[in-house]
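Chemist: 3D model of this:
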Amino acid sequence: MALPPWPTRRTSLAPVPLLGLLSGAGFLLSGCEGAQSALDPAGFNAREILFTSWILFIGGAVIFLFVMALAVWAVLAKGDRFPGARAWVIGGGILFPVVTLTALLLHEFALARRLVTVAETPALTIEVTGYMWWWDVRYRRPGAGPEEPALRSANELVIPTGRPVELLVGAADVIHSFWVPSLAGKMDMIPGHVNRLALLAEKPGLYRGQCAEYCGAQHALMAFHVRVLEPEEFDAWLAARNRPVTRPEDPVLARGYDAFFTQGCQSCHAVRGTPAVSTLGPDLSDMGARAGLAAGSFENNVGTLAGWIASAQHLKPGNRMPSFNVMDGETLRALAAWLESLK
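Modeler: So this is what the prediction gives:
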């Protein structure tokens, strides 16, 4: 039996591929701005890197189109030989790459120099150490000796606008990579070695960073935030961080304070001004002020804090925080409320 002829009339579904392409392009472009985008610079380093990227993108596109035009010309040209073939080979195949690559190399050297010298005399030095899977942060005064205790935090950096900041990055276990696209490029964090990254933030805001080197099962849940403040706000924030934490008078918060010690949380964590001084886990002195919880895995609030305390191994399997699912509900909520009050 003969098959019916293939239909030639276009159906109403024909525009679907075009709509799909347009929606896909819109989805991709939606990632070009925001708290973690290299195309939305908020600092000197990121802006300089983006400028160089545009040079490469636009230059590469122009060269590609030019080469494709020459290929079409060669195919469609009449005669056995491409006109001026020797000149095109020497000019386009030798002279042009040498001149272009030399210019890009000189530009890269100058760029690297500018990025390094932006913080030759830093107003602030911050030590960042990568762990599986969180970030230890220590602020040091310029000129402070090694015996002077550092102001310690975790999973969030706070820096001022307009002041050069020096980051000293390293790792305690495996190789990590520090990357906050809106402020700077990537910097490897290598065990036993300290790398230097200079920052100069230009716009206040909250910017998200990410570990950019695969470091284990929870690599995707190893993020952090950089909070950029105006200089006056930063000075006030720094002064507030030096105040010790005391036992609260509110009965609910006091119950949470007591639960922190009765449950043994001080064995791993520190809270400034209290008997909790351990450095095994993240410092919790300003826990309530951080934008994220569990190294940027969740939004930070009382509910997620309580959920994290009770089910840390369920929410982020393999991390070093055990699940404390033995507390009654009121004690758990009180503990989470006290941690959220540490600002």
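
Chemist: contacting residues for the spatially most central residue of the chain?
Modeler: With distances taken as C-alpha atoms, centre = their mean, Gly209 lies nearest the centre of the chain, 1.3 Å away. Contacts here follow C-beta atoms under 8 Å, 6 or more residues apart in numbering; on that basis Gly209 touches 36, 178-181, 223-226. Backbone N, C-alpha and C define where each C-beta goes, glycine included.

Chemist: now, which of those sits nearest Ser278?
Modeler: Nearest to Ser278 among the contacts of Gly209: Phe224, at 20.9 Å, using C-beta to C-beta.

Chemist: and the closest one, how many neighbours does it have?
Modeler: The burial count assigned to Phe224 is 26, neighbours taken as other C-beta atoms under 10 Å.

Chemist: equivalent analysis for Gly273, please.
Modeler: The number of residues packed near Gly273 is 13, by other C-beta under 10 Å.

Chemist: wait, it sits on Arg247?
Modeler: No. Contact criterion C-beta atoms under 8 Å: Gly273 and Arg247 do not qualify, at 9.9 Å.

Chemist: just say helix, strand or coil for the residue nearest to the centre of the chain.
Modeler: strand (DSSP: H, G, I helix; E, B strand; the rest coil).

Chemist: what's the domain layout of the protein?
Modeler: 37-242, 251-340 (automatic domain parsing).

Chemist: out of the ones you listed, indicate the one that is most buried.
Modeler: Among these, domain 251-340 has the highest mean neighbour count (mean count of other C-beta atoms under 10 Å), at a mean of 18.

Chemist: end to end, how far does that domain reach?
Modeler: 15 Å (C-alpha to C-alpha, to the nearest Å).

Chemist: if we can go back for a sec, between the contacts of Gly209, which sits nearest Val158?
Modeler: The nearest one, if we look at these relative to Val158 and count by C-beta to C-beta, is Val226, at 7.7 Å.

Chemist: quick check: the closest one is in a helix.
Modeler: No. Under three-state DSSP, Val226 sits outside any helix and is assigned strand.

Chemist: and the nearest residue to Gly192 once chain neighbours are set aside, what does it touch?
Modeler: The shortest distance from Gly192 to any non-neighbouring residue, by C-beta to C-beta, 6 or more residues apart in numbering, is to Gly170 (7.8 Å). Taking C-beta under 8 Å, 6+ apart, we find Gly170 in contact with 127-130, 189-195.
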